[in-house]
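Chemist: here is my input; please provide its structure:
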Amino acid sequence: MATLADVARRAGVSPATASRIINGSPKPVTEGLRERVLAAVEELQYVPNAHAQLLARSHRSAVGVIVHDVSDPYFAEITKGLQRIATENGRLVIICNSYRDPDKELEYVELLRAHQVAAIILAGSGYHDESYTTTLDNKLRVYEATGGRVAVIGRHQHAGDAVVPANTTGGHLAATELYELGHSRIGVIAGPAHLTTTTDRLAGIQQAAAEHGHTIAPTHITYADFDPPSGATATARLLEAHPDITAIAALNDSMAVGALRHLRQAGLTTPGDVSLIGFDDMPVAQDVTPTLTTVRLPLADMGARAMTLALRPPDDTATPQIEEAGATLVRRESTAPPRR
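Modeler: Sure thing, here's the model as predicted:
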């Protein structure tokens, strides 16, 4: 690769002059010098060294984002919003997939800190793991002490800027919809039990059940991995244990898609035999047949808001900003009153 010295030599200027022109320094230079340097850059296909630029200036250009799995439609939508704001602000986004491995998340925090990113955004759920959350909080505080910014999406122990999806409200909306349609025998497909997102959504489900004079027994709740295959497997377990259920609440749309597939394979109609409701309102919810009734979270907006918070200038006197992302019910074809 061509170096700055190569460019300077080709243009017949000093490396300092070449650097000022390439980096847009306000120090004036003649138009002839500028044209020679830019022509040399083009001829040599020179690309500035990002690490050298970082050492030479105080501005940090990259932002690190830790997600559970960017191939998951939930995180793909959030990432759209994150990248839109980053692009508008001239920032490079480094995406790190943790695959819901807490140890990997801790490693990524250290790696991103070593790369001196301007901010770190945790875009995945928090964990019910005291040792992990304490360690993570300590690492983030050390990073913030060096001038780094932190923002989170979801419920985390770290006290700082956060975008908090209304997961409990959303669970309440989902269960209320089923009870008000007349269902009383309801099964729930939850996400991984160690995630705060799962427990928050389940809490909303149980609140709605209590308000309607019901409880959802632990035997009517099965845990899965927020993806279609595990949603299908969880549906099979629910139907085997409770063949009389008339409705299923899947606590994300990917699991609901898997549930829908298994119901079809089992010869059951939706919503005729079993109503089905999802959560998140991912794009796939409108593409399946029947279209999926679900709880909508503004996923791309959540990402945009988190990036906006992360790019705020550091201010030791500022109080953390907590923004709630509201949940709304979207009625489609997959829910109906139970057959009498």
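
Chemist: correct me if wrong: residue 258 contacts residue 236.
Modeler: No: the pair residue 258 / residue 236 is not scored as a contact, 9.8 Å apart, by C-beta atoms under 8 Å. For the C-beta atoms, the positions are set from N, CA and C on the backbone; glycine is no exception.

Chemist: which one's more surrounded, those two?
Modeler: residue 258 (24 against 17; other C-beta atoms under 10 Å).

Chemist: domain boundaries for the chain, per the record?
Modeler: Domain assignment of the chain by automatic domain parsing yields the ranges 4-48, 62-165+299-325, 167-297.

Chemist: among the ones you listed, which gets the worst mean confidence?
Modeler: Mean pLDDT is lowest for domain 4-48 among those, at a mean of 85.

Chemist: picking that back up, between the domains of the chain, which gets nearest to residue 337?
Modeler: Residue 337 lies closest, by C-beta to C-beta, to one member of those: domain 167-297, at 4.6 Å.

Chemist: could you give the number of residues near the nearest residue to residue 102 once chain neighbours are set aside?
Modeler: Using C-beta to C-beta, 6 or more residues apart in numbering and skipping the chain neighbours, the partner closest in space to residue 102 is residue 132 (4.3 Å). Using other C-beta under 10 Å, residue 132 is surrounded by 17 other residues.

Chemist: can I assume residue 132 is in contact with residue 101?
Modeler: No: taking contacts as C-beta under 8 Å, residue 132 lies outside contact range of residue 101: 10.3 Å.

Chemist: about what we covered before: of the domains of the chain, which is nearest residue 335?
Modeler: domain 167-297 (4.2 Å).

Chemist: which residues in the stretch 101-250 of the chain form helices?
Modeler: Assigned by DSSP state H, counting those that start in this stretch, the stretch 101-250 of the chain shows helices spanning 102-114, 130-145, 167-180, 196-211, 228-241.

Chemist: give me whichever of these is most buried.
Modeler: The highest average neighbour count among the helices of the stretch 101-250 of the chain, using mean count of other C-beta atoms under 10 Å, belongs to helix 167-180 at a mean of 23.

Chemist: which helix or strand contains the spatially closest residue to residue 80 that is not a sequence neighbour?
Modeler: Residue nearest to residue 80 in three dimensions, not counting chain neighbours: residue 300, with 4.8 Å by C-beta to C-beta, 6+ apart. Element membership for residue 300 (DSSP states H and E) is helix 299-310.

Chemist: tell me the first helix or strand C-terminal of that helix.
Modeler: strand 322-325.

Chemist: and that following strand, which strands flank it?
Modeler: Under the criterion DSSP bridges, strand 322-325 sits next to strand 161-165 (parallel) in its sheet.

Chemist: run through who's touching the strand it pairs with.
Modeler: 149-156, 197, 297, 302, 305-306, 309-310, 312, 320-325, 327 (C-beta atoms under 8 Å, 6 or more residues apart in numbering).
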